[in-house]
Structures are given as structure tokens and as C-alpha cells.
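>>> sequence plus predicted model, see below.
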Amino acid sequence: MAGNMESLEEEFRLQNRSCFILGATGETGRLLLKELLDRNLFSKITLIGRRQVTFEDKAYENLGQEVVDFEKLEDYAPAFQGHDVGYCCLGTTKAKAGAEGFVRVDHDYVLKSAELAKAGGSSQFHLESSKGADKNSGFLYLKVKGQVEAGIEALGFDRFSIYRPAAMVSNTMLKPEQKTEILENKAIHTLGTSKTT
């Protein structure tokens, strides 16, 4: 099986594809970026975010970066053009942003980014969502996650994958004296189930 995976990865590399990542400074986004760089799957990786990110490791020196204002994403449509694959690890919490801010980030920004990616030529979109996501849920968090999944599915990407991790706790949420990371992801595909349309 490992040999088969290596052969599939090599075939993918030969296709000279590019991708973008939204949310590359978050817990999952950082791990995704490292995994993609380690596996060298894409000829070009672009980070799309609200600020320029500085990296010390030479492995990150060839990354493209696009700084956008998420409140005016339509003005930044060119940042989403020319990528074969989009990864979205963008998200916040109601505790950090309030209910309105949570909906704006986890629904509005994510859905608008997917729309711009589709219009810009992306054939695949990968979304980090949540276990229990359900557009009909009575809980705001799960409802918003379900609504954005349905909205992106309706866009008709050739491939749309949804990753639904359970509760995510990271070092940034732990007390300084705690050194244990609760969630450690070695490969994005282990985050949850993948739904392909």
C-alpha cells in the first residue's frame, strides 16, 4: 500500500499543480502547510491571509503569499486565480469573535473564498469543518459549519472534500505549564472523514 501511495504522489507531482491555503497560521493550517511542503506535492503553494507571515526555515522560502482584507474579498479575486486546489482551515470561535464574528469568519469568509476559488479555476476544494456539522442543528457552531458545507457543495467543484475533526484543543489553549498537545496531525487526511462529490 505504501508503494502505491508513493506512485500516486509521484503522478500527482508530475501534473505540476498549484494550491492555496487559507488559515495557514492556525493550528491545523500550520500542520497542513508543513505536510504539503514535506511531501512536495505542489509546484506552487500560496498562502492567502490577512497578514504576511515570516518563516525562518528555508523550506518555506518559495511560498507565495497574498494579503487580503476578508471584509472586501471580492476586491482580491486575483489572489484566488490560477490555483488547481484550495485548502481552507480558516475559522474562529464564538468566544474569540462573538456570535456575529464567528458567522462572518466561519461562514461568510469561507463561502466567499470558495466562490472566488471556483471562479478562479480551482477544481478541488478541501474544507476543515467539524464533527457533527449539520445545517439544521440547533447549535450555532454546528449549524454554521453545516451551512457552509452545503453552500460549497452547491458550487460544483470537481472534488470537494470535508474533514470533520472532533474537538480540537491545541497548545495555544493550554496553560503555559502544560506541555502536552492534545491533537497532533501528521497528515491532513487523518483529520476526519472525506466526502467527495
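Thanks, I have it.
>>> any regions of this protein where pLDDT drops low?
1-2, 167-197 (pLDDT under 70).
>>> now with 50?
For the chain, applying pLDDT under 50 flags the ranges 171-197.
>>> mind listing the helices for it?
2-14, 27-39, 94-103, 110-119, 140-153 (DSSP state H).
>>> tell me which of these sits most buried.
Of the helices of the chain, the one with the most neighbours on average (mean count of other CB atoms under 10 Å) is helix 110-119, at a mean of 21. (Glycine included, C-beta is placed from N, CA and C.)
>>> got the contact list for that helix?
Contact with helix 110-119 is made by 20, 22, 48, 73-74, 76-77, 79-80, 83, 86, 88, 90-91, 125, 127, 148, 151-152, 155-157, as judged by CB atoms under 8 Å, 6 or more residues apart in numbering.
>>> export stretch 120-134 as CSV, just CAs?
What follows is stretch 120-134, C-alpha atoms only, in CSV (Å, rounded to 0.1, in the frame of the first residue of the first chain):
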residue,chain,number,x,y,z
GLY,A,120,-10.6,31.5,-10.5
GLY,A,121,-10.3,27.9,-11.9
SER,A,122,-9.8,25.7,-8.8
SER,A,123,-11.2,22.2,-9.5
GLN,A,124,-10.8,20.9,-5.9
PHE,A,125,-11.6,22.4,-2.6
HIS,A,126,-10.8,20.9,0.8
LEU,A,127,-12.6,22.2,3.9
GLU,A,128,-11.8,21.8,7.6
SER,A,129,-15.2,21.6,9.2
SER,A,130,-16.4,19.9,12.4
LYS,A,131,-17.7,16.6,13.6
GLY,A,132,-21.4,16.9,13.9
ALA,A,133,-21.7,19.7,11.3
ASP,A,134,-25.4,20.0,10.4
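>>> in that stretch, which residues are buried?
Judged by neighbour count (16 or more other CB atoms under 10 Å), stretch 120-134 contains these buried residues: 120, 122, 124-130, 133.
>>> wait, residue 122 touches residue 87, no?
No. Look at residue 122 against residue 87 with CB atoms under 8 Å: they stay out of range, at 10.1 Å.
>>> overlap in contacts, the two.
Contact with both residue 122 and residue 87 is made by residues residue 20, according to CB under 8 Å, 6+ apart.
>>> in stretch 77-96, what's buried?
79-80, 83-92.
>>> what's the spacing between that stretch and its chain's center?
How far stretch 77-96 lies from its chain's middle: 6 Å, per CA atoms, centre = their mean, to the nearest Å.
>>> distance between the ends of that stretch?
Start-to-end span of stretch 77-96 (CA to CA, to the nearest Å) is 27 Å.
>>> then stretch 112-127?
Stretch 112-127 end-to-end distance (CA to CA) = 13 Å.
>>> over to stretch 119-128?
21 Å.
>>> ok, stretch 152-159 next?
End-to-end span of stretch 152-159 (CA to CA): 11 Å.
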